[in-house]
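J.: this one's structure only:
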């Protein structure tokens, strides 16, 4: 009698379940879905859930490029499906084309191409670990310079908060 073959798939999940659970606790996907309703032709994973996975990728991998996420998601598809409680999740839900329409304002770029998305992301991180302290995302039609001082002030307020909390 032949023994049935059992195939086991191993996924390296690292910090992904923790990041997704924390973002679920913060209701990020729900808030995004509420404030950014998508076109009726949007299928599959919701706008908010797609953004949450993208944020988990950025925080976990330290990489914001769109073209890397689909391959990354394909390697941990079972983990993502369980964490998001999403049936029928596909790596194609994280294609760079799909991600490109999320949170980007299209406008005039330095290359004079109106089809390119414009966005500014300012972030302060704790060295040497690269732990994010503050993040500000704004549309890209404004200059970078006016964004630095508010980000620095936010970081200083966080630092002052940590000093008060941990010195008591």
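T.: That came through, no problem. Being a predicted model, the structure only gives us computed values, none of them experimental.

J.: buried set for the strand or helix carrying residue 23?
T.: Under the criterion of DSSP states H and E, residue 23 resides in helix 16-25. Neighbour counts over helix 16-25 (16 or more other Cβ atoms under 10 Å) mark 16, 19-20, 23-24 as buried. The C-beta positions use only the backbone N, C-alpha and C, and glycine is treated the same way.

J.: would you turn these into TSV with distance to residue 158 and pLDDT?
T.: Shown next, in TSV, are those (distance: Cβ to Cβ, whole Å; pLDDT from 0 to 100):
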residue	distance to residue 158	pLDDT
16	25	90
19	20	91
20	24	92
23	20	90
24	24	91
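
J.: from those, pick the one nearest residue 70.
T.: The closest of those to residue 70 turns out to be residue 16 (Cβ to Cβ; 15.3 Å).

J.: let me see the contact set for the closest one.
T.: For residue 16, the contact set (Cβ atoms under 8 Å, 6 or more residues apart in numbering) comprises 56, 60, 76, 79-80, 83.

J.: now, the residues you listed that are in helices?
T.: 56, 60, 79-80, 83 (DSSP state H).

J.: make a markdown table out of those and add pLDDT.
T.: Shown next, in a markdown table, are these (pLDDT from 0 to 100):
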| residue | pLDDT |
| --- | --- |
| 56 | 91 |
| 60 | 88 |
| 79 | 91 |
| 80 | 93 |
| 83 | 92 |
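
J.: any quick ChimeraX command for the buried ones out of the residues you listed?
T.: Applying 16+ other Cβ under 10 Å to these, the buried members can be selected in ChimeraX as follows:
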select :56,60,79,80,83
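
J.: ok, of the ones in helices among the contacts of residue 16, which one's closest to residue 159?
T.: residue 60 (24.8 Å).

J.: gap between that closest one and residue 68?
T.: Residue 60 sits 12 Å away from residue 68 when distances are taken as Cβ to Cβ, to the nearest Å.
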